[in-house]
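K.L.:
Below are the sequence and a predicted model; questions follow.
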Amino acid sequence: MNTAQQTARVGLFFLLGVALVWVTFETLSDGKIFEERSHSLIAGFDDLRQLKTGDEVRLAGVKVGSVKLTRLAGRRAEAVLQVDPKVPIANDAVATIVMAGLIGGNYISISMGSSGAPPLADGAEIRTQDSPDLNSLIAQLGGLGKQLQDSLGSFSKSFSGEGGAGGIFQKLDKLITENSQKLNDTMTNLQDITGKINRGEGTLGKLVNDPKLHDELLATVEQIKAAAEEAKQFASNAEGIMDQIKSGKGTIGTLVYDQQSADDIRASIANIRSVSDKLAKGQGTLGKLINDDSLYNSAEVTIKKVDRTIDGLNDSGPITAVGIAVNALF
């Protein structure tokens with residue numbers, strides 16, 4: 001092997017080595033020779049859910065950066081996001097940890113936010129929202145499956161029975177077997193009743209089959225409606241009368257709401273009470289007539305004298321009769 005061939009081989013291996021180093025560097029640096037100036041944001045979560053350094057940051061599904069690092073900050077976990085400075089992130093945008101797939105990793109998804117919202121400054125904290133992860137969903141599904149299994153077990157016990165007791169179907173079959181005669185009798189009675197109704201027997205049968213009773217029933221209903229209308233009219237008239245009384249119109253309204261009439265009634269009642277008191281005490285002519293026995297006795301004596309005078313007039317002449325009457329009376 002001459003020197004020229006050896007030199008060519010060394011040069012070829014050198015070029016292959018350089019190319020291999022270049023491909024490795026491009027792969028590790030994501031195609032960037034020099035690290036560009038980045039825009040950092042802080043996203044705080046209760047749980048990062050296996051989010052790690054290097055995971056993607058996507059805005060509306062488009063990759064705009066990556067997770068620079070993850071750390072604990074008190075009672076929460078924080079992810080420092082390295083975002084392309086050419087892509088502004090609105091200050092009302094929301095960051096969420098999203099699962100890339102069933103077997104894939106997680107990434108940070110950022111919403112667009114409002115169109116007129118100002119962008120977040122470098123090092124600012126972005127608003128976050130927790131979302132259920134696969135593990136919590138599986139745990140919830142497991143709990144739901146346990147509840148479903150328990151429910152199915154309860155149904156199974158109800159249908160098949162427990163402790164030697166029959167299930168629902170066995171109890172139902174036993175109930176039907178024990179009461180089969182009663183059920184047959186009941187069905188027979190129902191058939192008899194429906195047969196009588198179809199033949200127009202009994203009150204219900206006549207109501208169903210006799211058009212005359214139907215017409216009479218309709219007429220009765222019309223009379224009830226008319227009576228209801230009359231009652232409504234009477235109530236309306238009574239309401240009008242009550243309105244007139246309340247407004248002081250008419251005799252009753254005047255008596256109820258006119259103060260002068262009320263005063264006159266009170267005065268009349270007082271006068272009647274005064275007269276009755278005087279009569280009870282024997283005051284006045286009528287009171288004496290009611291309470292004084294001497295007037296009654298004098299009247300009785302006078303009446304007896306008149307009776308004797310009339311008897312004497314029957315036996316005497318006119319002049320003698322006048323004299324007898326004067327003597328009898330005075």
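P.N.:
Okay, I see it. Numbers count the residues shown, from 1 in each chain.

K.L.:
is it true that K68 lies in a strand?
P.N.:
Yes - membership of K68 in a strand is supported by DSSP: H, G, I helix; E, B strand; the rest coil.

K.L.:
how much space between E216 and G202?
P.N.:
17 Å (Cβ to Cβ, to the nearest Å). C-beta here means a position set from N, CA and C on the backbone, and glycine is covered the same way.

K.L.:
W22 too?
P.N.:
109 Å.

K.L.:
so how far is K212 from T203?
P.N.:
In terms of Cβ to Cβ, T203 sits 13 Å off from K212.

K.L.:
show me what contacts P119?
P.N.:
88-91 (Cβ atoms under 8 Å, 6 or more residues apart in numbering).

K.L.:
out of those residues, which are buried?
P.N.:
For the contacts of P119, a burial check counting by 16 or more other Cβ atoms under 10 Å picks out 88-90.

K.L.:
can you put the residues you listed in JSON lines and add distance to N179 and pLDDT?
P.N.:
Putting the buried ones among the contacts of P119 into JSON lines (distance: Cβ to Cβ, whole Å; pLDDT from 0 to 100) gives the following:
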{"residue": "P88", "distance to N179": "81", "pLDDT": "91"}
{"residue": "I89", "distance to N179": "77", "pLDDT": "91"}
{"residue": "A90", "distance to N179": "75", "pLDDT": "92"}
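
K.L.:
Pick the one among these closest to G116.
P.N.:
A90 (8.7 Å; Cβ to Cβ).

K.L.:
Bridged to that closest one, which residues?
P.N.:
P119 (DSSP bridges).

K.L.:
Quick check, it in contact with I110.
P.N.:
No - if you go by Cβ atoms under 8 Å, A90 and I110 don't touch, sitting 9.1 Å apart.

K.L.:
so where's the stretch 1-150 of the chain uncertain?
P.N.:
1-2, 4, 26-37, 101-104, 132-139 (pLDDT under 70).

K.L.:
Strands of that one, start to end?
P.N.:
39-45, 56-59, 62-73, 76-83, 94-99, 106-110, 124-128 (DSSP state E, counting those that start in this stretch).

K.L.:
CA atoms only: put the fourth one into PDB for me.
P.N.:
These are the backbone C-alpha positions of strand 76-83, laid out as PDB (Å, rounded to 0.1, in the frame of the first residue of the first chain):
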ATOM      1  CA  ARG A  76     -46.800  22.700  44.900                       C
ATOM      2  CA  ALA A  77     -44.800  21.600  42.000                       C
ATOM      3  CA  GLU A  78     -43.500  24.100  39.400                       C
ATOM      4  CA  ALA A  79     -42.500  23.600  35.800                       C
ATOM      5  CA  VAL A  80     -40.200  26.200  34.200                       C
ATOM      6  CA  LEU A  81     -41.200  26.600  30.600                       C
ATOM      7  CA  GLN A  82     -38.800  27.600  27.900                       C
ATOM      8  CA  VAL A  83     -40.900  29.300  25.200                       C
END
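
K.L.:
And what about K278, helix, strand or coil?
P.N.:
helix.

K.L.:
What separation do you get for it and I272?
P.N.:
With Cβ to Cβ as the criterion, K278 and I272 are 11 Å apart.

K.L.:
related to what we said a few turns ago, among the strands of the stretch 1-150 of the chain, which is nearest M187?
P.N.:
strand 94-99 (64.2 Å).

K.L.:
Partner strands of that closest one and their direction?
P.N.:
strand 106-110 (antiparallel), strand 124-128 (parallel).

K.L.:
Kindly export it (C-alpha atoms) in CSV.
P.N.:
Extracted C-alpha coordinates of strand 94-99, given in CSV (Å, rounded to 0.1, in the frame of the first residue of the first chain):
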residue,chain,number,x,y,z
VAL,A,94,-54.2,28.7,30.7
ALA,A,95,-51.6,25.9,30.8
THR,A,96,-52.7,22.3,31.3
ILE,A,97,-50.8,19.0,31.5
VAL,A,98,-52.0,16.8,28.7
MET,A,99,-51.3,13.1,28.1
